[in-house]
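Engineer: quick one, fold the following:
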Amino acid sequence: MSNTGMTIKEAIAILRKSKFGCPAFLLDEERARTNYPPLTDAEKMERAEFSVKQQRAIVAREYLVSCGERFGKLENGNVIFTHENCVVELDADVIETLLIHQIENTILEINPIEKYIALWRFYLGNEVNEKENNSTWMRDFIDAVFINGFKLFTAEPASPTAH
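Structural biologist: Residues are numbered from 1 along each chain as shown. Next up, the predicted model:
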């Protein structure tokens, strides 16, 4: 029994249902029970990749909840982001794509050797910062990406032929 009150079998059943393709070694009940052998470097990277996909999805859904609370929803229930006279409908795929291209790719450029481990550290650090310091950095960053996009989209063209 783990410290969450969940058995290993129950935890593995949940992992099997993951849309992110859980690594096979995490589904090995005997290995989970004995914690043997230690993870290889390749398994650590695979575990980190799995965790990053989960964390990215969580951040996206938390952002959507935040937008729903701050800006409301459309009649069909979809979440929107609003800034001045601009409104955009959002879903988790949009936010996850934004996270990949605006944050994760930059981290991978700076730290290509650690790959998913560096991304895992980033998401974990952000989670801790949000909980311990009530930080809204991630929300503010995503907001800024949309606001800057709106500004580019609504800017007056420099000339009638080039924008």
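
Engineer: going forward, measure contacts between C-alpha atoms and count neighbours the same way
Structural biologist: OK.

Engineer: most centrally placed residue in this protein?
Structural biologist: Taking C-alpha atoms, centre = their mean, the centroid of the chain lies closest to residue 56, which sits 1.4 Å from it.

Engineer: right, and residue 150 touches residue 84 too?
Structural biologist: No: in this structure residue 150 lies outside contact range of residue 84 using C-alpha atoms under 8 Å: 9.3 Å.

Engineer: what about the residue nearest to the centre of the chain, distance to residue 9?
Structural biologist: Residue 56 is 26 Å from residue 9, where distance means C-alpha to C-alpha, to the nearest Å.

Engineer: for residue 19, same thing?
Structural biologist: Counting by C-alpha to C-alpha, the gap from residue 19 to residue 9 is 18 Å.

Engineer: neighbour count: the two, which is higher?
Structural biologist: For residue 19 versus residue 9, the count of surrounding residues by other C-alpha atoms under 10 Å is larger for residue 9: 15 against 9.

Engineer: what about the chain, any weak spots by pLDDT?
Structural biologist: By pLDDT under 70, the weakly predicted segments of the chain are 1-4, 162-163.

Engineer: helices along that one, start to end?
Structural biologist: For the chain, the helices defined by DSSP state H cover 8-16, 29-34, 41-71, 92-99, 105-110, 116-133, 137-154.

Engineer: of all the ones you listed, which one is nearest residue 77?
Structural biologist: helix 41-71 (9.2 Å; C-alpha to C-alpha).

Engineer: cheers, nothing more for now.
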